[in-house]
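Novice: Structural data only, the sequence is not supplied:
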């Protein structure tokens with residue numbers, strides 16, 4: 001599992017792990033039923049505290065993305081289509097908020113943003 005931790009980020013490490021694991025599940029890289037690395041192995045791999053990975057896994061389980069079984073490990077949980085779509089919409093809204101904030105600070109109008117989105121969308 002490819003997780004990148006940034007010490008320069010203002011975001012807590014456990015939330016960086018949560019966000020990246022969720023992204024891997026939502027984009028299909030991690031499939032339903034797939035086993036995640038043990039909390040200890042992930043902590044060793046990332047060179048962070050076991051407690052940090054434990055907190056990340058607990059959050060992922062609380063949000064319904066993984067399920068853990070004592071003595072067996074943690075696995076990607078079957079995703080509810082509604083939950084999947086809602087999470088994607090939240091991510092899109094966050095990115096759009098970032099884009100509009102940058103646009104405002106650069107003096108870019110809403111019409112120009114629409115044009116940019118249309119141009120980007122044409123490439124697909």
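Specialist: Sure, I can see it. Computed from a predicted structure; not experimentally measured. Residues are numbered from 1 along each chain as shown.

Novice: Which strands or helices does the host helix or strand of residue 115 pack on?
Specialist: Using DSSP states H and E, residue 115 sits within helix 110-122. Applying 3 or more Cβ pairs under 8 Å, 6 or more residues apart in numbering; DSSP states H and E, we find helix 110-122 packed against helix 81-106. (C-beta placed from N, C-alpha, C; glycine too.)

Novice: for the record, mean pLDDT for the helix it packs on?
Specialist: Mean pLDDT, helix 81-106: 88.

Novice: what packs against it?
Specialist: Using 3+ Cβ pairs under 8 Å, 6+ apart, helix 81-106 is in contact with helix 13-26, helix 110-122.

Novice: what's around residue 61, how many residues?
Specialist: 14 (other Cβ atoms under 10 Å).

Novice: That one looks like it's in a helix, true?
Specialist: Yes: under DSSP: H, G, I helix; E, B strand; the rest coil, residue 61 falls within a helix.
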